[in-house]
Structure formats: structure tokens, C-alpha cells
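**Q** predicted model and sequence follow; I will ask about them next.
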Amino acid sequence: MANKHILIADDDTDIRDLLTQIFEGEDFTVSQAKNGAEVLTQVNKLKTDINLILMDVRMPDTDGLTVLKQLKDNGHGEIPVIIMTAFGTSSIAIKAMQQGAYDYLTKPFDDPDAVIHKVNRLFEHQKLANEIAELRTMLPDPSEKIIGNSAAMQEIYKQIGKVASSDATVLITGETGTGKELIANIIHATSRYSRGPLIKVNCAALPETLLESELFGHEAGAFTGAAKMRKGRFEMADKGSIFLDEVGEMTLSTQRKLLRVLQERTVDRLGGTMPVKIDVRVITATNRDLEEEVESGKFRADLFFRLNVISIHMPPLRDRKEDIPLLVEHFLEKHRYTTSSAPARISVDAMQALQDYDWPGNVRELENTIQRAVVDARGGTITGRNLTLSGKRERANISSGNAFYIDQLVNSRVKLEQAVSNFESMMIAEAMRQASDDEEEAAELLGLTPVDLHERLRKYR
């Protein structure tokens, strides 16, 4: 990370000198500021030459929160800021991160390696974000994006390229939420059928009788309620493509009729006597193992071979976790807090939590998680406490209960007694604030007697 310029802002000379020594030892360029005014002066002077600001929340003349706002107002909001705070000001640290700080450091700095590691992770994430922006410029159509640069996704890209110029039937397999429909969209858009429609049918969403009518159409009077002739989805897709999602859910009877359509390239409407010729590209998808379904007698072998001319398997997200940062950046761009908002940002710790999770719902679950987090963070910086992961409900509940710094407390070897004492003092302070300093009312809020509360007030004041 040589040639990166770090500005250290703290009114404590010893802290500034210690951090300067640590970072210069790692070949960083370091500048110092002893208050908020000096931070703004140096940023205005050096502009883009400053790559990171390490800033204490509590400084004379202008506090860190005000400086954060002024940096944004002056057009320097793109400079990442890591705030520095003692444990006792953890609530202020959370507020600072909500207002745009990138991450935080707790004082005192007992482990210089941990400080270096956090800063290096920030710059690595920044580098990745730049690579993402560059990759985006290479995408031909912003409405159709396959996100991912992993080896597994590179193989998918190659397969799509081979499929594009052919008329072959394609079977897309993979777990729910992996993006099978998106692949179908792109196959259609890059084929000779792209000028025609792409008709989609969810085979799992309709009962057998309705599915047959939807697929093949019906003549007037074919069944009760069929007042007039209706074209089926295959006819609607003529000169285009049809996408049969969850094709493994079809009954054997419907499978037999689908097989005839694929063989003859004609459709027999329910109640009809004359076959209708069609020219359709067929794309199917399933989350089932169709070979196992064939062995168990639930799926026709001859239909499977017809559908499985070209097979594309979408890998689960847990097998391509290196793509998660790319996907997160895409969803942050897609799901803005308001139409006029800038994309939300995500902290390093939150990104790590996303990469540690196994994503049983795959990309769809990740998108929903990011969308919820953007709303929860009100479009600001997403931290761990804004994430709700289905496999980590207990941890998510802890985070939302004012325990955002548990990991750091343990890593910093903060004693349990000290942590409990600090948390107790914060609860008392908040109760007094809500009770407008009325000790009896605050005691009632906390479930204490007025005498007990008074003793604790004396202790912490």
C-alpha cells in the first residue's frame, strides 16, 4: 500500500506520533492535524492526494461529527474516514458511521498490527470498488447484467457465447435464487430470436389443467368456461423464445404433450383438430436433479434428452463467494434509499459478515438483504447491525441491541466487568435523558428504586 497518504487528526500529540510511527514503518505518507480546522485546511489544500483520514471524534474547536459533515458539504465525502474513539463513546462512534464514517478504531491501540490490518483492508476494498467501476463500463447493456468474475462465472459466460448463435434447446439448472431466469433473458437477447418475444411460464405456479391450457391454448368450448379460442404461450412465442421455469414440476401427462411439441414443432390446442406450426427457441430451468427424477420415474427420459441438448449449471453463491463484493456493489447501486440518493456504502465488517454467510437463498437472498439494509441504514453506511441474515438471527438480535462492538471488545481484551460497567452507565444516561433528569421517572424506566439509581449516578458521575 505504498504511496497512500494518511491524515491523522487527534488533539493528543502522543496518539498522532504513535500512529505516524506505525504507518511510516509500513511506507505510508503521513500528515497530522491537531483539530478539525486543520483537517479541513489540509484536505482543501491537498484535495485528492489524501487517501484516508484517521480522526478522533472528540477534538477541540470542531468535533469529529461536525468535520464529517463539513467534508461532505465541501465535496470531499469520497475520502474514507476511520474514526477513533474510546469505548465509552461507542454510541457516538455508531452515529458517526451512520453519518458516513467508513470504520472505527478503539483507543488505546494495544495491537499495532490490528491497526495496520484494518487500514490495509480498507484500501483493498477501495481497489476492488475501482475495479468494479471499470468492469461496469465494459457491460454492453445495463439492463441485463450477470455479476461475477469468479472462475465458475467465467465458464458460464463462455457457455452463453457458444449458445448464442445456435437454435438448440437449453436446460438451465441450479438452486433457487441463483439467477436462472437472468441467464434465460440473456440467451434470448443474444440469439436470432431476439426480435421476437420472450414468453415466460412458471410451471410450478399452475395446476395441471391450467398449465396445459396456458402452454398449448384451447378452442372455444374445449372445457367449461372456455367461451372463445385462446392461443397458448407457445403460439405467443412464435418467432421468439419460451422460457419454462421449474419444468421439473410438470406431470407426466403434460410432459408427454411437451415432448410432442419439441419433436413436431407444432402445437395442438385443447379441443382442436388442426396442429399449429411454430418456430420457437425453447429454454427451460429447474432446481431439481432431473437425472434422479428420471431414475425414480417422475420425469420422462425421452423428454429429458430433448431438453438437455445444452446444459448450463448456475453455481450456488456459497461456491463463488469471491463474487459477493461485486454483487453487493451492484445491489447498492440498484436499490438506492431514494431516487435522488447516492448509493449507500458498506463497512468492511459488514462486507466480511456477508462473505462469511452461506446464502441458502443465493443471489436473491443477498439482494433482499442489501435492500433491507439500505432502508435500515437510511441510505448511509451499512454496518453489521443493519444486516439480517436468516442463519444468524441470534447474532443479528445482539447487534441491534447496542452491541455492535462485541467483536472489537473481545479482540481488544476489554474486561467483562468494564464492558458491563460502561453499558450500565450508558443505559442510565439514556434513561435520565428520556426522563428529563427526573430521577424517580428514570428509576422506573430502569426498574430500579430511586435510592439504587441515586447510588449509581454518584458512582458514574
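**A** Arrived safely, thanks for sending. Numbering: from 1, shown residues only.
**Q** alpha carbons of stretch 257-273, as CSV, please.
**A** Taking C-alpha atoms only, stretch 257-273 is exported to CSV below (Å, rounded to 0.1, in the frame of the first residue of the first chain):
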residue,chain,number,x,y,z
LYS,A,257,-47.5,-33.3,-24.7
LEU,A,258,-44.5,-31.0,-24.3
LEU,A,259,-42.3,-33.8,-25.9
ARG,A,260,-44.6,-33.8,-28.9
VAL,A,261,-44.3,-30.0,-29.3
LEU,A,262,-40.5,-30.3,-29.2
GLN,A,263,-40.5,-33.2,-31.8
GLU,A,264,-43.0,-31.9,-34.2
ARG,A,265,-42.6,-28.1,-33.7
THR,A,266,-46.4,-27.9,-33.7
VAL,A,267,-49.0,-27.2,-31.1
ASP,A,268,-52.4,-29.0,-30.6
ARG,A,269,-54.8,-26.7,-28.8
LEU,A,270,-57.1,-28.3,-26.3
GLY,A,271,-60.2,-29.3,-28.2
GLY,A,272,-58.6,-28.6,-31.5
THR,A,273,-58.2,-30.8,-34.6
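**Q** so for that stretch, what gets flagged as buried?
**A** 257-259, 261, 267-270 (16 or more other C-beta atoms under 10 Å). For glycine as for every other residue, the C-beta is placed from the backbone atoms N, C-alpha and C.
**Q** is it possible to get a markdown table of those that adds secondary structure?
**A** Formatted as a markdown table, the buried residues of stretch 257-273 follow (DSSP: H, G, I helix; E, B strand; the rest coil):
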| residue | secondary structure |
| --- | --- |
| Lys257 | helix |
| Leu258 | helix |
| Leu259 | helix |
| Val261 | helix |
| Val267 | strand |
| Asp268 | coil |
| Arg269 | coil |
| Leu270 | strand |
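**Q** show me the contacts for Glu214.
**A** Residues in contact with Glu214 (C-beta atoms under 8 Å, 6 or more residues apart in numbering) are 201, 206, 232-233.
**Q** looking at those, which gets the smallest pLDDT?
**A** Taking the contacts of Glu214 together, the minimum pLDDT is found at Leu206 (82).
**Q** need the three-state assignment for it.
**A** Classification of Leu206 using three-state DSSP returns coil.
**Q** so what's it closest to, chain neighbours aside?
**A** Glu214 (6.0 Å; C-beta to C-beta, 6 or more residues apart in numbering).
**Q** which SS state does that neighbour fall under?
**A** helix.
**Q** gap between it and Thr369?
**A** According to C-beta to C-beta, to the nearest Å, Glu214 and Thr369 sit 33 Å apart.
**Q** and what of Glu235?
**A** 40 Å.
**Q** cool, and Thr273?
**A** Distance from Thr273 to Thr369, by C-beta to C-beta: 53 Å.
**Q** which ones among the contacts of Glu214 map onto helices?
**A** Arg233 (DSSP state H).
**Q** in terms of contact, does Ala101 touch Thr381 like I think?
**A** Yes: under the criterion of C-beta atoms under 8 Å, Ala101 makes contact with Thr381 at 6.8 Å.
**Q** these two: who's more crowded?
**A** Neighbours per residue, other C-beta atoms under 10 Å: of Ala101 and Thr381, the larger number sits with Ala101, 26 against 19.
**Q** show me the shaky parts of the stretch 351-461 of the chain.
**A** Scanning the stretch 351-461 of the chain for pLDDT under 70 picks out the ranges 390-415, 461.
**Q** quick one: the helices in it?
**A** Using DSSP state H, counting those that start in this stretch, the helices of the stretch 351-461 of the chain run over residues 362-376, 393-400, 406-411, 416-434, 439-446, 450-460.
**Q** C-alpha coordinates for stretch 359-374, CSV please?
**A** Output of stretch 359-374 as CSV, limited to C-alpha atoms (Å, rounded to 0.1, in the frame of the first residue of the first chain):
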residue,chain,number,x,y,z
TRP,A,359,-26.6,-17.8,1.5
PRO,A,360,-29.1,-20.7,1.3
GLY,A,361,-31.3,-18.4,-0.8
ASN,A,362,-28.4,-17.5,-3.1
VAL,A,363,-28.2,-14.2,-5.0
ARG,A,364,-31.9,-13.5,-4.5
GLU,A,365,-31.4,-13.6,-0.7
LEU,A,366,-28.3,-11.4,-1.0
GLU,A,367,-30.3,-8.8,-3.0
ASN,A,368,-33.2,-8.8,-0.5
THR,A,369,-30.7,-8.5,2.4
ILE,A,370,-29.0,-5.5,0.8
GLN,A,371,-32.3,-3.8,0.0
ARG,A,372,-33.4,-4.2,3.7
ALA,A,373,-30.0,-2.9,4.9
VAL,A,374,-30.2,0.2,2.7
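**Q** buried stuff in that stretch?
**A** By neighbour count on 16+ other C-beta under 10 Å, the buried set for stretch 359-374 is 359, 361-363, 365-367, 369-370, 373-374.
**Q** same question, stretch 453-461
**A** Residues 453, 456-457 are the ones in stretch 453-461 that count as buried (16+ other C-beta under 10 Å).
**Q** ditto for stretch 118-127
**A** Buried residues in stretch 118-127 (16+ other C-beta under 10 Å): 118-119, 122-123, 125-126.
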